[in-house]
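Asks: Next comes the sequence, and after it the predicted model I'd like to discuss.
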Amino acid sequence: MDFSHLVAALDGNAALQRRARLAELSFDVLGGTEPVTVRVGERISVEKAAAANPAFTLTASPATWAEFAKAVPAVGFQSLVAMQRVGHLKVDGDVLAWGRHMLFLEQIFAALRPAAPLPQSAVVGEPIIEPIVGRYLRLDFNGRPHRLYFEEAGQGIPLLCLHTAGADGRQYRALLNDPSITARFRVIAFDLPWHGKSSPPSGFETEAYQLTTQLYVDTVMAVSRALGLARPVVMGCSIGGRAVLHLALRHGSHFRAAIGLQSATHADGGADTRLRDLNVLFRPDVHGQEAAAGTVACLIAPTSPRSDKWETLWHYMQGGPSVFLGDLHYYFSDGDLRNADLAGLDGKCPLYLLTGEYDLSATPELTAELARVTGARHFEVMRGMGHFPMSESPHEFRRYLTPLLDRIAVN
């Protein structure tokens, strides 16, 4: 592996140039033909031999670096954090410094891959007003008043969409704009309290936000009832994909069907949990939202369109302080379903499962086991997609979702 290509990583990228000037760090990279030191500042330099006191050291086998550098790497090699997560990359030294610069370093190391064709600028032509309507819903649940934001489009069977941890309903923008879906389904995507354009409840400034199973289920049911939805379909991704399981368990008769995107009984924590243990998502010496985007970038497939990938990450960069962390309490702890009786869950609520092949969190293997235990009537691995199918690759996702909606519509 020739790491000298890193010196050109800043060329033509004003955002990275500005970020590099603020980085001021050096680190060692091992596993190429020889050890190198990478120094980041006004420019990037790559020097032969390891430095005496690097901020951290990145160590991987030559075969690992070679796979990472391919235009389309295999699952687990799509990013630096992905390789760390599955144990292909070892990070020694100041792990907090590594966590502080994750997203920036992912962009730098992308220079090791063959240059991708420049994306064509999207041409809108005449001005277009999208059919999406956004509204605010005021409602009380769990003894507290809430003001929640939701967007909707279409008519017919209600399709209630649940976003991922730390993000918001914008992830479903493509579904809301798809006339072949909205002709038969009333697509509704709402922002959980604390997320997106929804407000936290009054008094939030004294609280440490944590999402629990009970709070999540109560919120979804309160929204569904407040909007008067009759036998809606519920579809959720990531934490939403977990929530549809809890909803089917507790309120299965309320729903026409449940679609789980990236659903599993639990999350694969990965081989190296130090970034989570150091709480890089909420501390004064780390930009928590940049770190949030850095931690989830590894879950996006390398074949996802660049603009959709970065819009997905932008949603994470905009989250409120500690909100992503609070959602992960549900995802990793409170919402864990490994000890639940899920046998025959499909009998309580028809269950359809779709999982992206590049997901390292709710992996295809975990979803396959969930499908077996629950008797789900459909399970499929979405090729060339990651953890955010409806957001990172909406055009391809449509090919997998449409047949399921066709089946649900006639039942």
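Replies: Received, thanks. Numbering: from 1, shown residues only.

Asks: For the protein, which residues score under the pLDDT cut-off?
Replies: Per-residue confidence of the chain (counting by pLDDT under 70) places the weak regions at 118-122.

Asks: domain assignment for it?
Replies: Split into domains by automatic domain parsing, the chain comes to 3-115, 135-270+305-409.

Asks: Would you mind finding the most buried of those?
Replies: domain 135-270+305-409 (a mean of 20; mean count of other C-beta atoms under 10 Å). Every C-beta, even on glycine, is put in place using the N, C-alpha and C of the backbone.

Asks: Now the terminal residues of stretch 281-291, how far apart.
Replies: Its start and end residues considered, stretch 281-291 measures 6 Å (C-alpha to C-alpha, to the nearest Å).

Asks: In the chain, which helix is the longest?
Replies: The longest helix of the chain (DSSP state H) is helix 394-409.

Asks: helices or strands next to that one in the packing?
Replies: Contact partners of helix 394-409 among helices and strands, from 3 or more C-beta pairs under 8 Å, 6 or more residues apart in numbering; DSSP states H and E: strand 157-162, helix 173-176, helix 179-182, strand 257-261, strand 351-356, strand 378-382, helix 389-392.

Asks: Can you show me the CA trace of the last one as PDB?
Replies: Extracted C-alpha coordinates of helix 389-392, given in PDB (Å, rounded to 0.1, in the frame of the first residue of the first chain):
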ATOM      1  CA  PRO A 389     -31.600   2.200   2.900                       C
ATOM      2  CA  MET A 390     -34.400   4.700   2.500                       C
ATOM      3  CA  SER A 391     -32.000   7.600   2.900                       C
ATOM      4  CA  GLU A 392     -28.600   6.500   1.600                       C
END
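
Asks: what does that helix contact?
Replies: With contacts defined as C-beta atoms under 8 Å, 6 or more residues apart in numbering, helix 389-392 is touched by 161, 167, 170-175, 237, 261-262, 300-301, 304-305, 308-309, 311-312, 315, 354, 356, 382, 385-386, 396-397, 400-401.

Asks: mind putting the domains of the chain in a markdown table, distance to Gln289 included?
Replies: Formatted as a markdown table, the entries for the domains of the chain read as follows, by distance: least, C-beta to C-beta, whole Å:
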| stretch | distance to Gln289 |
| --- | --- |
| domain 3-115 | 10 |
| domain 135-270+305-409 | 5 |
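
Asks: between the ones you listed, which gets nearest to Thr295?
Replies: Thr295 lies closest, by C-beta to C-beta, to one member of those: domain 3-115, at 6.6 Å.

Asks: Need the three-state assignment for Tyr149.
Replies: Secondary structure for Tyr149, judged by DSSP: H, G, I helix; E, B strand; the rest coil, is strand.

Asks: Show the backbone phi and psi for the residue nearest to it when sequence neighbours are not counted.
Replies: Spatial nearest neighbour of Tyr149, excluding adjacent residues (C-beta to C-beta, 6 or more residues apart in numbering): Lys197 at 3.8 Å. Summarising the backbone geometry of Lys197 under the convention degrees, to the nearest 10, its torsions are phi -100, psi 0.
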